[in-house]
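> Sequence first, predicted coordinates after that:
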Amino acid sequence: MQCSFVAHLALLSQLVESDLTMNTYLWTAALLACFLALGGLGNELPMVDLCRKNITDGNLEEELGKLSTDKNVLDLCDNQLKNIDPDLFKRFDRLEELVFDDNPDLVFPPDGSPFLVVKSLTKLQCVKCGVERIFNRSLQDLPKIERINLTNNRITDIERLAFRETKPIGISDWYISSYLTIIILTQIGALVILVGVWLKMKKYDSDPELDSLAGTVLNPSTIYKPLY
């Protein structure tokens, strides 16, 4: 078992060095394969697979209560989550990644309150969920967040300050998709769709540099690293 574990760690290291870290889905899958080599995922491991457990808003607190607080990654894919209590994950003070893929009715709170309150979270993935609106405060209680994947949601509206950084950091690893993939240029607070078409959203304050990007097809090799 020790040799197998070392071999899987070596493979995972090679995958990360191949820059697959930009793809959070593949990164999660690689980690999952590594831990499965140890004989499955149990409550004593820092990563927990809660996919396809028929978890709903009503029993999510009960399921999370069975876990110790030292978890680094929680995968809640393919359940029946819709409107989760944002404070349920606060006790996991080492939690770095949350995956909610394939919860088709999962949305950000319609009253504009935070979706989650997790001070340690760095990665959030909600692929194929039901997100339609991103409010100013939806993601603001995630102070350490570095990467968000909202591919294949139904996003139609993003409030102006939803992704405002307190300190400009240049191109960030934020990816959102309704039917298109866009990136955020944090230094000017701009949302740019890679095919050169503006997303229907509340317009940012007019900025000559921002306005000049409208209709521009960006060069991926110089602007960003692809999500896929």
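Here it is on my side, so go on.
> Show the residue spans covered by the strands in this structure.
Using DSSP state E, the strands assigned to the chain run over residues 47-49, 73-75, 97-99, 123-125, 133-134, 147-150, 157-158, 171-177, 181-185, 190-193.
> ok, and what's touching the fifth one?
Contact partners of strand 133-134, identified using Cβ atoms under 8 Å, 6 or more residues apart in numbering, comprise 107-108, 110, 150, 155-159, 162-163, 176. Placement of C-beta: from N, CA and C, glycine included.
> So among those residues, where is pLDDT lowest?
Here the lowest pLDDT out of the contacts of strand 133-134 sits on Ile176, with 43.
> so Arg91 touches Thr69, yeah?
Yes. Under the criterion of Cβ atoms under 8 Å, Arg91 makes contact with Thr69 at 5.2 Å.
> where do the helices sit along this structure?
For the chain, the helices identified by DSSP state H occupy 2-17, 24-36, 60-65, 208-211, 220-223, in order along the chain.
> circling back: if we take the contacts of strand 133-134, which one ends up nearest to Pro143?
The nearest member of those to Pro143, counting by Cβ to Cβ, is Phe163 at 13.7 Å.
> Residue ranges in the chain under the pLDDT threshold?
Low-confidence segments of the chain, defined by pLDDT under 70, span residues 1-45, 163-228.
> hmm, try it at 90
Low-confidence segments of the chain, defined by pLDDT under 90, are located at 1-47, 122-128, 131-136, 138-228.
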